[in-house]
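J.: Generate coordinates for the sequence data below:
(one chain, ligands or ions: 1)
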Amino acid sequence: MSLITATGLELRYGGQRVLQGVDMTIEPGEIVTIVGPNGSGKSTLLRVLVGALRPQKGRVDRRANLRIGYVPQKLQIDATLPMTVSRFLNLPARVSAVAEVTALQTAGVPHVADRQMSDLSGGQFQRVMLARAILGRPDLLMLDEATQGLDQPGSAAFYQQIEAVRRDLGCAVLMVSHELHVVMSASDRVICLNGHVCCEGTPEVVSAAPAYRELFGTGTGGALALYRHEHDHGHHHHEAAE
Ligand SMILES: Nc1ncnc2c1ncn2[C@@H]1O[C@H](COP(=O)(O)OP(=O)(O)OP(=O)(O)O)[C@@H](O)[C@H]1O
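T.: From the prediction side, this is the model:
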């Protein structure tokens, strides 16, 4: 049974229609990425799926007792506010020491429990956010541009961590990302959003779709060639040169 099914979503902010006729489904265990230009409604769609926003039309059906872990786009913690990682993970509800250690291990930051949140590097901070999201043993992990501010190797490492988390927890992953080449190599399915679903399918299918090419132009072609270069040795290497 699907984890979440959205049907005919329409959402307006005042007079501005942000989502229109959006249908989508998430199956257990799959990694799905939403791509789309700035302002195309990606974050809004995540909020609707989580239940934080109510659409004017359409419906969202969640599997009974579905547990969702959410990693937000950005969270500012004031450097003047003393807050250890351990304390942060125990907000708002206390968790057991074992659960805390396990979550930090799964997220790839086993030794930061006593560090100040404000002292963490960008990559460590996002992993702590990931640890917090997986504390509730989610069936579905949602990440909204979780690698913003990380450099290329940092974000690639973060996506590898996500795959490891999926393997460990067996959860599905729904993420929003602008890093097309990483997304294309790490996702089972890609949904291209521009107010409505322009196209969706495997990375290969979406990257070849005219609607996707119209939105992302030829730059993506280079990124995809690079992906093929890295992962499909049957392809000609000169495709990667861009
Ligand atoms: N609370 C709000 N009130 C009014 N308008 C909003 C609100 N939140 C978002 N919008 C508008 O809705 C549109 C879609 O925003 P959304 O954040 O969903 O896009 P996005 O695809 O996630 O963008 P980005 O890639 O820039 O993060 C934008 O035009 C935005 O200005």
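
J.: What is the neighbour count of residue 212?
T.: By other C-beta atoms under 10 Å, 23 other residues sit near residue 212. All C-beta atoms are positioned from the backbone trio N, CA, C, and that covers glycine.

J.: Contacts only, for it.
T.: Residues in contact with residue 212 (C-beta atoms under 8 Å, 6 or more residues apart in numbering) are 192, 198, 199, 206, 220.

J.: If you rank these by neighbours, which is first?
T.: residue 206 (26 neighbours).

J.: Secondary structure element for it, which one?
T.: Element membership for residue 206 (DSSP states H and E) is helix 203-208.

J.: Using CSV, write down the CA coordinates of that helix.
T.: Extracted in CSV, the C-alpha atoms of helix 203-208 (Å, rounded to 0.1, in the frame of the first residue of the first chain):
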residue,chain,number,x,y,z
PRO,A,203,16.0,9.9,-13.8
GLU,A,204,16.7,8.7,-17.4
VAL,A,205,13.1,9.2,-18.5
VAL,A,206,12.7,12.6,-16.9
SER,A,207,16.0,13.9,-18.2
ALA,A,208,14.9,13.1,-21.7
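
J.: Following element in sequence after that helix, please.
T.: Scanning onward from helix 203-208 (DSSP H and E), the first element met is helix 210-216.

J.: distance of residue 18 from residue 43?
T.: Counting by C-beta to C-beta, to the nearest Å, the separation of residue 18 from residue 43 is 10 Å.

J.: Likewise for residue 4?
T.: For residue 4, the distance to residue 43 - C-beta to C-beta - is 16 Å.

J.: what does residue 6 give?
T.: 15 Å.

J.: Comparing those two, which residue is more hemmed in?
T.: residue 6 (21 against 17).

J.: Wait, a strand at that one?
T.: Yes. Under DSSP: H, G, I helix; E, B strand; the rest coil, residue 6 falls within a strand.

J.: Run a quick check on it versus residue 62, I expect a contact.
T.: No. Residue 6 is beyond contact range of residue 62, at 9.7 Å (criterion: C-beta atoms under 8 Å).

J.: how about the strands of the protein, start to end?
T.: 4-13, 16-26, 31-35, 57-62, 68-71, 140-144, 172-176, 189-194, 196-201 (DSSP state E).

J.: and of those, who's closest to residue 113?
T.: strand 68-71 (18.7 Å; C-beta to C-beta).

J.: what distance separates that closest one from the centre of its chain?
T.: Distance of strand 68-71 from its chain centroid, counting by C-alpha atoms, centre = their mean, to the nearest Å, is 9 Å.

J.: contacts for it?
T.: By C-beta under 8 Å, 6+ apart, the list of residues contacting strand 68-71 reads 50, 126, 129-130, 132-136, 138-144, 146, 171.

J.: Neighbouring strands of it in the sheet, and parallel or not?
T.: Counting by DSSP bridges, the strands paired with strand 68-71 are strand 140-144 (parallel).

J.: Could you list the alpha-carbon positions for the strand it pairs with in PDB?
T.: Extracted in PDB, the C-alpha atoms of strand 140-144 (Å, rounded to 0.1, in the frame of the first residue of the first chain):
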ATOM      1  CA  LEU A 140       9.000   8.400   5.200                       C
ATOM      2  CA  LEU A 141      11.800  10.900   5.500                       C
ATOM      3  CA  MET A 142      11.200  14.300   3.900                       C
ATOM      4  CA  LEU A 143      14.100  16.700   3.100                       C
ATOM      5  CA  ASP A 144      13.600  20.200   1.800                       C
END
